[in-house]
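Chemist: heads up, no residue letters with this:
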């Protein structure tokens, strides 16, 4: 896959860029171009005399998801940024376009991946946010994550906060603050609440009858990223607008 890298910020220690939907961050498949290799080639072409460049993958986005990512250009920066990603001081905000509950429930039992059972419990309110806690387990045979009861073998706690910003007909614009980083976490938790992401083939197939939705990729964008510079400690904040056309009804 050939693409122009959309670099938002770069210095000697790190690099922040926009990842388009459909591009894998890392891929083990032969012949598949991923973001990691594209960035290594970019860095090498900038300074070929330095030899093979170092690139630290700090965090990831699912292949169908667009948004901001930070990569480290030194081992020291990788260690510092990884600590922030693990302790929660690196803040990640997402925008999603979701289907309304009413439109979803009427078809859910036929299409849902977890047996047609809605999990709509919101644990608590935090200021202007609703906080959702689930326990997720990977299902390797189906290639999905599933909501399971607490204590289930292999289950991991998943926490996010969300708030509905706007509603337009059968769709809602939702802002999401991700507090843990589980496989497909936003997609499966929002689906479990009866708010599946527009265009999500894996978890939201019920949206096939919504004409305004771009069905190529789920309407999910990591639009804001905040962390401290690994060398100077200066707070950094980056923000972009989603490129998925379904967001144009709201933004």
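Modeler: Arrived safely, thanks for sending. From a predicted model like this one, the values you see are computed outputs, not experimental measurements. Numbers count the residues shown, from 1 in each chain.

Chemist: From now on I want contacts and neighbour counts done on CA atoms only, so please keep to that.
Modeler: Fine.

Chemist: which ones are touching the residue nearest to residue 228 when sequence neighbours are not counted?
Modeler: Nearest in space to residue 228, with sequence neighbours left out and distances taken as CA to CA, 6 or more residues apart in numbering, is residue 235 at 4.3 Å. With contact set as CA atoms under 8 Å, 6 or more residues apart in numbering, residue 235 has these partners: 226-229.

Chemist: which ones are touching the most centrally placed residue in the chain?
Modeler: Centrality entry for the chain: nearest residue to the mean C-alpha point is residue 61, 4.9 Å, by CA atoms, centre = their mean. Applying CA under 8 Å, 6+ apart to residue 61 gives the contacts 24-25, 67, 69.

Chemist: Is it within a helix or a strand, and which one?
Modeler: Following DSSP states H and E, there is no helix or strand that holds residue 61.

Chemist: cool, residue 41 as well?
Modeler: Using DSSP H and E, residue 41 falls within helix 35-46.

Chemist: Just give the strands next to the helix or strand that that helix is followed by in its sheet, each with its orientation.
Modeler: Sequence-wise, the next helix or strand downstream of helix 35-46 (DSSP H and E) is strand 56-57. Strand 56-57 pairs in its sheet with strand 66-72 (antiparallel), by DSSP bridges.

Chemist: Averaged pLDDT, the strand it pairs with. What do you get?
Modeler: For strand 66-72, mean pLDDT is 98.

Chemist: Residues contacting that strand, please?
Modeler: Applying CA under 8 Å, 6+ apart, the contact partners of strand 66-72 are 13-22, 55-61, 78, 81, 220-225, 238-240, 242.

Chemist: Sitting in helices, which of these do you find?
Modeler: Counted as lying in helices by DSSP state H, out of these, are 78, 81.

Chemist: Residue 94 reaches residue 221, doesn't it?
Modeler: Yes. In terms of CA atoms under 8 Å, residue 94 counts as a neighbour of residue 221; the distance is 5.4 Å.

Chemist: Looking at these two, which is more packed in?
Modeler: Neighbour count, other CA atoms under 10 Å: between residue 94 and residue 221, residue 221 has more, with 29 against 21.

Chemist: Bridged to the more buried one, which residues?
Modeler: Here residue 221, judged by DSSP bridges, has bridge partners residue 66, residue 95.

Chemist: now stretch 188-206, how far from the centre of its chain.
Modeler: 14 Å (CA atoms, centre = their mean, to the nearest Å).

Chemist: Can you point out the buried residues in that stretch?
Modeler: Neighbour counts over stretch 188-206 (16 or more other CA atoms under 10 Å) mark 188-200, 202-206 as buried.

Chemist: Check stretch 145-157 too.
Modeler: Buried, per 16+ other CA under 10 Å, within stretch 145-157: 145-148, 155-156.

Chemist: Looking at those, which one is closest to residue 46?
Modeler: Nearest to residue 46 out of those is residue 145 (CA to CA; 39.8 Å).

Chemist: Do I have it right that the closest one meets residue 189?
Modeler: No. Counting by CA under 8 Å, residue 145 does not reach residue 189; the two are 9.4 Å apart.

Chemist: Among the contacts of residue 235, which one lies nearest to residue 4?
Modeler: Checking those against residue 4 with CA to CA, the nearest one is residue 226 at 23.9 Å.

Chemist: can you pull the pLDDT of residue 204?
Modeler: So, for residue 204, pLDDT stands at 70.

Chemist: nope, residue 107 is what I meant
Modeler: pLDDT at residue 107 comes out at 41.

Chemist: Lowest mean pLDDT among the helices and strands of the chain, which one is it?
Modeler: Within the chain, no helix or strand scores below helix 101-111, which has a mean of 44 by mean pLDDT, DSSP states H and E.

Chemist: where does this protein have low pLDDT?
Modeler: When residues are selected by pLDDT under 70, those of the chain lie in 1-3, 28-32, 101-124, 205-215.
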